[in-house]
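Peer 1: pasting the sequence and the predicted coordinates here, then a few questions.
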Amino acid sequence: MAQGSDSNDTSYTKSPSPGNKQGSSDDMRKVMRREKNRIAAQKSRLRQTQKADSLHLESESLEKENAALRKEVKRLTEEAKYLSTVLSNHEPLCTGLSHTPSDLIYGAHAPFHQHINVPHYPL
């Protein structure tokens with residue numbers, strides 16, 4: 001049956017013959033079964049549309065999240081590159097590297113790094 005047709009249209013069934021009660025009962029069952037099937041198909045199409053809408057919204061949300069994460073990765077990569085450059089430029093000047101590793105762990109090296117200015121990146 002075509003979508004949008006009148007739900008009360010029963011022209012697709014045979015007219016029951018007045019003397020045949022069994023035929024009339026069978027026709028009514030067919031009409032009822034077709035009506036139930038039409039309603040079930042309508043509900044199924046509605047659920048399918050709702051699921052497609054939901055998936056579309058989820059897809060848009062994930063695309064936005066992905067773009068934000070890519071932006072953060074780019075920012076962090078630039079920050080790491082900058083810090084690596086700062087460290088490379090500082091290493092030749094650093095007198096603290098001549099200390100033993102235990103001195104570094106316990107802070108003997110800390111006073112030599114107070115002159116480094118590292119910009120704070122906004123989040």
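Peer 2: Great, that's in hand.
Peer 1: from now on I want contacts and neighbour counts done on CA atoms only, so please keep to that.
Peer 2: Noted.
Peer 1: tell me the average confidence for the helix or strand harbouring Lys81?
Peer 2: Per DSSP states H and E, Lys81 falls inside helix 21-90. Across helix 21-90, pLDDT averages out at 96.
Peer 1: mind checking pLDDT for Cys94?
Peer 2: 83.
Peer 1: that one - how many residues pack around it?
Peer 2: 13 (other Cα atoms under 10 Å).
Peer 1: now Glu35
Peer 2: 15.
Peer 1: and Leu83, by the same measure?
Peer 2: Leu83 - counted by other Cα under 10 Å - has 14 other residues nearby.
Peer 1: ok, the one 4 residues further on next?
Peer 2: Applying other Cα under 10 Å, we find 13 residues neighbouring Leu87.
Peer 1: do the same with the one 5 residues further on
Peer 2: The local packing count at Pro92 equals 9, with neighbours defined by other Cα under 10 Å.
Peer 1: state the distance from it to Val86.
Peer 2: Distance of Pro92 to Val86, computed by Cα to Cα, to the nearest Å: 11 Å.
Peer 1: what of Arg29?
Peer 2: 84 Å.
Peer 1: same thing with Ala67?
Peer 2: Distance of Ala67 to Val86, computed by Cα to Cα: 29 Å.
Peer 1: next: Thr49.
Peer 2: Taken as Cα to Cα, the span from Thr49 to Val86 is 55 Å.
Peer 1: hang on, the earlier thing: by contact count, what packs against the helix holding Lys81?
Peer 2: Of the remaining helices and strands, none touches helix 21-90 by 3 or more Cα pairs under 8 Å, 6 or more residues apart in numbering; DSSP states H and E.
Peer 1: I am finished for the moment; much appreciated.
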